[in-house]
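[1] Next one to model:
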Amino acid sequence: MLSYEFMRLAFVVGILLGIALPLVGSTAVFKRLSSSGDALAHSSLAGVAIGLTAGMNPLLVSVIACIVSFLIIEFVRKKFPKFSELGVTVVLSASVGLAGVLSGFARTGNFESYLFGSILLVDSMEVVLAAVLCGLVLLFYILFHNQIFALIYQESEAKVQGIKTNLLSLVHSLLLSIVIAISAKTIGALVVSSLIAIPVAASLQAKLSYKWTLILSVILSVVSVLAGITISYYADWKPGASIALFGVALFFLLLLYRIVSEAFVRAKKPNK
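    So this is what the prediction gives:
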């Protein structure tokens, strides 16, 4: 399997994106906006459709579409704090509508490659792009770990402490949008949201600290990518779909482990 260069490139890109996606996705998950990843993934599809129809670079338009969509979600969240999910619904609906209409004017093969991704067809330039992006995400979360934690759990107090929450949210939205747009090309827009939310949801079952939850989510994400690509090679499945299914399987295994372990602990407690 690894004797083929395209498989080696696929594993490298998969690992890099497997690190970046749960990190940027964790902030959305902890802010109870995990569905925003799905909305942005569909926004990337709308951007691709616009780019292909207008004869522009679909990847660039996809990035712009994701950034605009996330800003809309954030705007609605701040204007309607009790109904923060409304922004996600609006963006998702608009993106699906645009992608559906404009896909009829785009070349079918090019557009469909973004649905389930083409990680086995990546080139060296995409590897470099994924490496740079992964490095930026890691640097951001390492340098601003405490500020991001404060932003997630006590945004009002973070502002009082002098943390530039608006700038921090803007940088995060840019990184999230770019990572999703790039991942839509490789892993697939329909499954990229699985690597944003599922590894984080699975790691939450371990009930660890914020820092170790992030680390575990990255580990689970990378394992899902490696296993998914391997399964797709031998079973002749779509890589993106295999990655998503393996990630969901890990989530249910950890959920089952938590339920059984908690039941065991309760059973050992003496009855009063």
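[2] Surely residue 201 touches residue 251?
    Yes. Using CB atoms under 8 Å, residue 201 makes contact with residue 251 at a distance of 5.8 Å. Backbone N, C-alpha and C define where each C-beta goes, glycine included.
[3] How many residues are close by residue 70?
    By other CB atoms under 10 Å, 27 other residues sit near residue 70.
[4] Hmm, I typed the wrong one, I wanted residue 104.
    Neighbours of residue 104 (other CB under 10 Å): 10.
[5] Do you know the pLDDT at it?
    The model reports residue 104 with a pLDDT of 73.
[6] now residue 18
    On the pLDDT scale, residue 18 gets 89.
[7] name the element it belongs to?
    helix 5-30 (DSSP states H and E).
[8] Return the list of helices and strands in contact with that helix.
    The contact analysis (3 or more CB pairs under 8 Å, 6 or more residues apart in numbering; DSSP states H and E) places helix 5-30 against helix 35-54, helix 124-143, helix 145-153, helix 165-183, helix 192-204, helix 210-235.
[9] For the fifth one, the averaged confidence score.
    Average pLDDT, helix 192-204: 87.
[10] again with the longest one
    Mean per-residue pLDDT for helix 210-235: 90.
[11] Then the shortest one?
    Along helix 145-153, the predicted local confidence has a mean pLDDT of 82.
[12] Using CSV, write out the CA atom coordinates for it.
    This file holds the C-alpha atoms of helix 145-153, laid out as CSV (Å, rounded to 0.1, in the frame of the first residue of the first chain):
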residue,chain,number,x,y,z
HIS,A,145,-4.5,28.4,24.7
ASN,A,146,-5.6,30.3,27.9
GLN,A,147,-7.3,33.1,25.9
ILE,A,148,-9.3,30.6,23.8
PHE,A,149,-10.4,28.8,27.0
ALA,A,150,-11.6,32.0,28.5
LEU,A,151,-13.4,33.0,25.3
ILE,A,152,-15.3,29.7,25.2
TYR,A,153,-16.4,29.5,28.8
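[13] So which bits of it are buried?
    Buried residues in helix 145-153, counted by 16 or more other CB atoms under 10 Å: 147, 148, 149, 150, 151, 152.
[14] from these, which single one is nearest residue 131?
    Nearest to residue 131 among those, counting by CB to CB, is residue 148 at 22.3 Å.
[15] ok, now how distant is that closest one from residue 171?
    In this structure, residue 148 lies at 10 Å from residue 171, with CB to CB, to the nearest Å as the measure.
[16] Residue 66: which of the helices and strands packed on helix 5-30 is closest?
    Counting by CB to CB, residue 66 lies closest to helix 165-183 out of the helices and strands packed on helix 5-30; the figure is 3.5 Å.
[17] How about residues contacting the closest one?
    17, 20-21, 24-25, 27-28, 37, 40-41, 44, 47, 59, 62-63, 65-67, 69-71, 74, 117, 126, 129-130, 133, 136-137, 140, 144, 147-148, 151, 155, 158-159, 192, 195-196 (CB atoms under 8 Å, 6 or more residues apart in numbering).
[18] Check stretch 246-256 too.
    Applying CB under 8 Å, 6+ apart, the contact partners of stretch 246-256 are 194-195, 198-199, 201-203, 205-206, 220-221, 223-224, 227-228, 231.
[19] Using ChimeraX, define a selection of the buried residues within those residues.
    Typed into ChimeraX, the line below selects the buried ones among those, using 16+ other CB under 10 Å:
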select :194,195,198,199,201,202,203,205,220,221,224,227,228,231
